[in-house]
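J.: When you get a sec, could you give me coordinates for this:
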Amino acid sequence: MPAVRSVDWQWENATAGAVAGLATATFTHPLDVVRTRFQVHDGRTSMLPAYRNTPHALYTITRLEGIRGLYAGFYPAVLGSTISWSLYFYFYSKAKQRYLKDRKELTPGLHLASAAEAGALVCFCTNPIWLVKTRLQLQSPLHQIRPYSGFHDALITIMKEEGWRAFYKGLLPGLFLQVTHGAIQFTAYEELRKVVVNWRFDKNERTSGTADNLLDSIDYATLGASSKIAAILLTYPFQVIRARLQQRPSTAGIPRYVDSWHVVKETARFEGVRGFYRGITANLLKNVPAASVTFIVYENVLNMLKLARRDY
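T.: You can find the predicted model right below:
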């Protein structure tokens, strides 16, 4: 059997991650729109309707804007999700392999470092895409500013009106979010994965088998959901801060928030702790099942690629 080069496995991880990200974004986008609109609704002047809860938001958006409103920003969401997951799994796998050079297995700290490194790299690559997605999702019939007609129009308009630096608004909270969220999620996933394998099989069976055949799709779904809940609860305020920074400036070109600290002060002053968790219900409804789907697809696609390589 031919030797497997590490770079081949890295690209297989990237492929599995890309497929997983595409599947996730396709089925959960309406909840992403609702979450984003809740995040920026600070109870003061707003060009968005007021929503009572997630079902009311879904109903109101459909009534006022049609199905198209529920899929505002879908193209950059799919593009960003696909690129992010692909790059994340690629960088994460590459970091783990580097740390594994002189070790039999990684410690929780090294899993954390691998995930943090991957998150930081992905954030720098994808922030402009997420900014455009946020802006498209926040457009509504109540806006007086000329709406973006789509992804490419948004890119051109932002560059023309605000300059290239605008594409990196929200980068700082986005960086904290990517590093901490991914680190917590992947560390929890890896450690819970070990617990499940160790609990299900005794020592002799573990030495003769691998995680590829010890876990099934239900296990991957449960592990993915559990790790996602932990990550969301601990990092959600960063999402609110980023979304508020990425809003489109007013007709006078004045941004609603100057920087991350301004968001923190104003949110704490007018809304309290609750303000930092606006939209979390929609976020959980979107991301917990999405995490399950993502890890089911990722693990199964990766196993298929491994089988195909063995057959080859």
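J.: can you give me the strands for the stretch 101-250 of the chain?
T.: In the stretch 101-250 of the chain, no segments count as strands under DSSP state E, counting those that start in this stretch.
J.: end-to-end on stretch 158-171?
T.: 16 Å (CA to CA, to the nearest Å).
J.: remind me which residues of this protein are low pLDDT?
T.: Low-confidence segments of the chain (pLDDT under 70): 1-10, 13-14, 17-18, 20-22, 24, 45-46, 142-144, 201-213, 252, 310-312.
J.: Okay, helices next: where are they in it?
T.: For the chain, the helices defined by DSSP state H cover 6-40, 54-70, 74-99, 108-137, 151-162, 171-200, 203-208, 211-214, 217-245, 260-270, 280-311.
J.: what's the closest of these to Gly253?
T.: With CB to CB as the measure, helix 151-162 is the member of these nearest Gly253 (7.3 Å). To be clear about C-beta, it is placed using only N, CA and C from the backbone, and glycine gets the same treatment.
J.: elements contacting that closest one?
T.: Counting contacts by 3 or more CB pairs under 8 Å, 6 or more residues apart in numbering; DSSP states H and E, helix 151-162 packs against helix 74-99, helix 108-137.
J.: Sort out which residues of that helix are buried, please.
T.: By neighbour count on 16 or more other CB atoms under 10 Å, the buried set for helix 151-162 is Phe151, Ala154, Leu155, Thr157, Ile158.
J.: ok, and what's touching that helix?
T.: If you take CB atoms under 8 Å, 6 or more residues apart in numbering as the criterion, helix 151-162 is touched by 75-76, 79, 128, 131-132, 135-136, 148, 166-167, 249, 253.
J.: biggest separation within these, which pair?
T.: Checking the contacts of helix 151-162 with CB to CB, the most distant pair is Leu79 and Gly253, at 27.2 Å.
J.: With neighbour numbers in mind, choose between the two.
T.: Leu79 (18 against 9; other CB atoms under 10 Å).
J.: Please give me every residue in contact with the more buried one.
T.: By CB under 8 Å, 6+ apart, the contact set of Leu79 is Ile129, Phe151.
J.: need the helices and strands packed on helix 151-162 in JSON lines with distance to His29, can you?
T.: Below are the helices and strands packed on helix 151-162 laid out as JSON lines (distance: least, CB to CB, whole Å):
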{"stretch": "helix 74-99", "distance to His29": "5"}
{"stretch": "helix 108-137", "distance to His29": "9"}
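J.: Of all these, which one comes closest to Asn53?
T.: helix 108-137 (18.0 Å).
J.: Give me the buried positions along the closest one.
T.: Buried residues in helix 108-137 (16+ other CB under 10 Å): 110-123, 126-137.
J.: With that, I have no additional questions.
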